[in-house]
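> structure for this input, please:
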Amino acid sequence: MWVIPIIYNVILFLFIVNTTENNTNYFKSLAKKIKLGLEEGNNDIWNVIVGSDFGAWICFDKNYALYCRVQEKYFLIFRFGGEQKI
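Here you go, the predicted structure:
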């Protein structure tokens with residue numbers, strides 16, 4: 001199932017990047033790393049939002065969305081508009 005590798009990667013990136021920072025560049029860098037990891041090797045389009053406080057209204061492909069919190073950082077990861085695999 002695809003959720004377990006995403007959660008693992010999120011936790012791994014939190015320990016790789018300095019987790020004490022709360023600035024925009026930190027969140028953008030973390031989101032970009034996660035997005036590139038998800039899109040690597042396939043034609044899916046992923047969207048990643050990372051922050052300490054945000055709101056969102058999204059459309060996503062069924063069964064391809066994750067919202068979670070890890071160490072006071074919030075993650076919204078979803079696929080929309082990718083290849084439909086039947």
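
> could you pull out the helices for the chain?
In the chain, the helices defined using DSSP state H lie at 3-16, 24-39.

> confidence-wise, which of those is weakest overall?
For the helices of the chain, the weakest mean pLDDT is recorded on helix 3-16, namely a mean of 62.

> wouldn't A65 be in contact with A56 here?
No: under the criterion of C-beta atoms under 8 Å, A65 makes no contact with A56, lying 10.5 Å away. Placement of C-beta: from N, CA and C, glycine included.

> more neighbours, the two?
Set A65 next to A56 and count neighbours by other C-beta atoms under 10 Å: A65 wins out with 16 against 11.

> and that one, how far from N25?
In this view, A65 and N25 are 26 Å apart by C-beta to C-beta, to the nearest Å.

> how much space between L30 and I77?
From L30 across to I77, the span is 11 Å (C-beta to C-beta).

> what do you get for I45?
12 Å.

> ok, G37 next?
As for G37, its distance to I77 is 10 Å (criterion: C-beta to C-beta).

> more neighbours: which of the two?
I77 (24 against 17).

> grab the nearest non-local neighbour of that one.
Using C-beta to C-beta, 6 or more residues apart in numbering and skipping the chain neighbours, the partner closest in space to I77 is L66 (4.6 Å).
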